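Asks: give me a 3D structure for the following:
(one chain, ligands or ions: 1)
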Amino acid sequence: MTTNRQEEAQRYARLQEQYAGYQAAGLKLDLTRGKPATEQLDLSDTLDGILDGCYLLQDGTDVRNYGGITGIPEARQLGAEMLEVNPENVLAGGNSSLTLMYQYVSYMMRSRWQTDGGAPVKFICQVPGYDRHFTICEHFGIDMLPLPLLDTGPDMGRIEELVAADEQIKGIWCVPQYSNPTGHSYDEQTVKGFARLADTAVRDFRIFWDHAYAVHHLTDKPAPLANLMLAAQQTGHQDSVLMFASTSKITFAGAGLAFLATSTSELAAFVDFLGFQMIGFDKVNQLRHVKWLENITKINKHMEQHKAIIKPKFELVEKKLAEKLSGKNMASWTRPRGGYFVSLDTNPGLAMQVVELAAAAGVKLTPAGATFPYGKDPADTNIRIAPTYPAINELDTAMDVLVTCIELASLADSLRD
Ligand SMILES: Cc1ncc(COP(=O)(O)O)c(C=O)c1O
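Replies: Residues are numbered from 1 along each chain as shown. All right, here's what the predicted structure looks like:
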């Protein structure tokens, strides 16, 4: 055995001992879903009761009653400020933007997207990406075409080629700011490329612009994101653009407001579709949000308090990864400037094993592969870390376990060679 190999074997034996210690500790830690921590939810507790018996809108509408499927005007205005569009382009809905995305896909599948001579509807899916976008596609039998996400956003040239070559490609999922899970934001050229795509793509092509992390910055000077709707309006192709946002990670994740923005004509058609399933969303919740959040300036101020709670958690993840894995050729990871996740890549073929090792030591991670369509990461490298929910001491231990598992799996791999 060479000295190097001997050292590796000794290190592996020490790590195995450490790992056995974690197993014996009976840990129960969870780094799976990107949920706000309880202290973050506490920030919005005064939402409850803010209406204090006043249920009337400025125009005299009683929000306790039926009606108003596009949402109350005040909530549409709030959504318009978050998405930087006009209020007449916005629908203010219930508590989940994901539901609006699902309902929009459902509407298009029923009305305009069809299989063509046996060829299914197809979507371009940036990878790694948001697992729930992919499960919507799976649910509707939409074929997913994975496209790697670059540092500046997706490769627009490749997207244009794909869309030009295949009429069955009807949509693309985008998380343009602080992408889930990599944290990347699209640069100006990429947004311009999407505006061009809106301009050239015909046949009911839709850009799903999921702006879930529009106000979720982790730095004091966030880079601005160019406005896709404005660019698309300039060329008259706003029908292809669908923007989504919500207050899920601003107020209460289970009781917030969601927004959808598109052209006024497309919005009217979608609202007709919604009319078969409901008379209106929860307007009382819309009104209490508007009274409490008021406007984008107040939202941004409120988000500073969220940042104060979660930034130290992201810093801890970076510190642990850098301390234990830097320079070892075992993993690479992202350093997000906003959003809810850190994306980590192991060496090829090891992600699943790392997730299994962590689970056996009491640390739950998002299943390896979840960030890819059909749950299949072809290189088996990507692991999504969600640091916001656990308490900082729990996160500390969970990260120790994770880096130990990465080292163990990497060394075992190297010693096998
Ligand atoms: C990219 C992205 N979109 C949407 C959502 C869900 O949003 P909502 O709570 O509004 O349904 C999430 C939640 O993690 C997300 O990461």
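Asks: what is the end-to-end distance of stretch 52-65?
Replies: 17 Å (Cα to Cα, to the nearest Å).
Asks: tell me the spacing between the most centrally placed residue in the chain and Ala351.
Replies: The centroid of the chain falls nearest to Asn180 when counting by Cα atoms, centre = their mean (4.0 Å). The gap separating Asn180 from Ala351 is 17 Å, by Cβ to Cβ, to the nearest Å. C-beta: built from backbone N, CA, C; applies to glycine.
Asks: go ahead and confirm the residue nearest to the centre of the chain touches Val342.
Replies: No - between Asn180 and Val342 there is no contact under Cβ atoms under 8 Å: 10.9 Å.
Asks: what do those two both touch?
Replies: Residues touching both Asn180 and Val342 (Cβ atoms under 8 Å, 6 or more residues apart in numbering): Arg384.
Asks: returning to that earlier point: enumerate every residue touching the residue nearest to the centre of the chain.
Replies: Applying Cβ under 8 Å, 6+ apart, we find Asn180 in contact with 34, 129-130, 212-213, 339-341, 384.
Asks: so which of those residues are also by the ligand?
Replies: 34, 130, 212 (Cβ under 6 Å from any ligand atom).
Asks: what sits against the second one?
Replies: If a contact means Cβ under 8 Å, 6+ apart, then Tyr130 has 173, 175, 180-181, 210, 371 as its contacts.
Asks: one more time with 10 Å, if that's ok
Replies: Applying Cβ atoms under 10 Å, 6 or more residues apart in numbering to Tyr130 gives the contacts 34, 98, 136, 173, 175, 179-181, 210, 212, 341, 370-371, 384.
Asks: turn those residues into CSV, including secondary structure.
Replies: Compiled in CSV, the contacts of Tyr130 are given as follows (DSSP: H, G, I helix; E, B strand; the rest coil):
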residue, secondary structure
Gly34, coil
Leu98, helix
Ile136, helix
Trp173, strand
Val175, coil
Ser179, coil
Asn180, coil
Pro181, coil
Asp210, strand
Ala212, coil
Phe341, coil
Ala370, coil
Thr371, coil
Arg384, strand
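Asks: between all of those, which two are separated the most?
Replies: Farthest-apart pair in those is Ile136 and Phe341; separation 18.9 Å (Cβ to Cβ).
Asks: which one's more surrounded, the two?
Replies: Between Ile136 and Phe341, Phe341 has the larger neighbour count (other Cβ atoms under 10 Å), namely 26 against 19.
Asks: for that one, what are phi and psi?
Replies: Note on Phe341: its backbone torsions stand at phi -140, psi 160 [degrees, to the nearest 10].
Asks: Gln277 now?
Replies: phi -120, psi -10.
Asks: for the closest residue to the ligand within the stretch 301-417 of the chain, the count of nearby residues, please.
Replies: When scored by Cβ to the nearest ligand atom, the stretch 301-417 of the chain has Tyr340 as its residue closest to the ligand, at 6.2 Å. Applying other Cβ under 10 Å, we find 26 residues neighbouring Tyr340.
Asks: what sits against it?
Replies: By Cβ under 10 Å, 6+ apart, the contact set of Tyr340 is 33-36, 178, 180-181, 183, 212-213, 216, 218, 249, 310, 314, 384-389.
Asks: quick one: strands adjacent to whatever helix or strand Ser332 lives in?
Replies: Remark: Ser332 resides in strand 331-333, with elements defined by DSSP states H and E. In the sheet, strand 331-333 lines up against strand 342-346 (antiparallel) (DSSP bridges).
Asks: next secondary structure after the strand it pairs with?
Replies: helix 351-360.
Asks: by contact count, what packs against that following helix?
Replies: Here helix 351-360 touches helix 3-24, strand 342-346, strand 363-365, strand 382-385, helix 392-416, going by 3 or more Cβ pairs under 10 Å, 6 or more residues apart in numbering; DSSP states H and E.
Asks: run the last query once more with 8 Å
Replies: When contacts are defined as 3 or more Cβ pairs under 8 Å, 6 or more residues apart in numbering; DSSP states H and E, helix 351-360 packs onto strand 363-365, strand 382-385, helix 392-416.
Asks: okay if I get the contacts of Asn180 as a markdown table plus pLDDT?
Replies: Below are the contacts of Asn180 laid out as a markdown table (pLDDT from 0 to 100):
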| residue | pLDDT |
| --- | --- |
| Gly34 | 91 |
| Gly129 | 98 |
| Tyr130 | 97 |
| Ala212 | 98 |
| Tyr213 | 98 |
| Gly339 | 98 |
| Tyr340 | 98 |
| Phe341 | 98 |
| Arg384 | 97 |
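Asks: surely Ser44 touches Gly254?
Replies: No - with contact defined as Cβ under 8 Å, Ser44 does not count as touching Gly254 (11.5 Å).
Asks: please say which of these two ends up with more neighbours.
Replies: Neighbour totals were compared for Ser44 and Gly254, and Ser44 leads with 21 against 10 (other Cβ under 10 Å).
Asks: pLDDT score for Cys137?
Replies: pLDDT recorded at Cys137 is 98.
Asks: avg pLDDT for the longest helix seen in the chain?
Replies: Secondary structure of the chain per DSSP state H: the longest helix is helix 296-325. Throughout helix 296-325, pLDDT has a mean value of 98.
Asks: just stretch 265-282 next, same as before
Replies: Averaged across stretch 265-282, pLDDT comes to 97.
Asks: only C-alpha atoms, please: export that stretch in CSV.
Replies: Output in CSV follows, covering the C-alpha atoms of stretch 265-282 (Å, rounded to 0.1, in the frame of the first residue of the first chain):
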residue,chain,number,x,y,z
SER,A,265,-56.8,38.3,-22.5
GLU,A,266,-55.1,35.1,-21.2
LEU,A,267,-56.0,36.0,-17.7
ALA,A,268,-59.7,36.3,-18.7
ALA,A,269,-59.6,32.9,-20.4
PHE,A,270,-57.9,31.3,-17.4
VAL,A,271,-60.5,32.8,-15.0
ASP,A,272,-63.3,31.3,-17.2
PHE,A,273,-61.7,27.9,-16.6
LEU,A,274,-61.4,28.5,-12.9
GLY,A,275,-65.1,29.4,-12.8
PHE,A,276,-65.9,25.7,-13.3
GLN,A,277,-64.3,24.9,-10.0
MET,A,278,-64.8,27.9,-7.7
ILE,A,279,-66.7,31.1,-7.1
GLY,A,280,-63.7,32.9,-5.6
PHE,A,281,-60.6,32.6,-3.4
ASP,A,282,-60.4,33.5,0.3
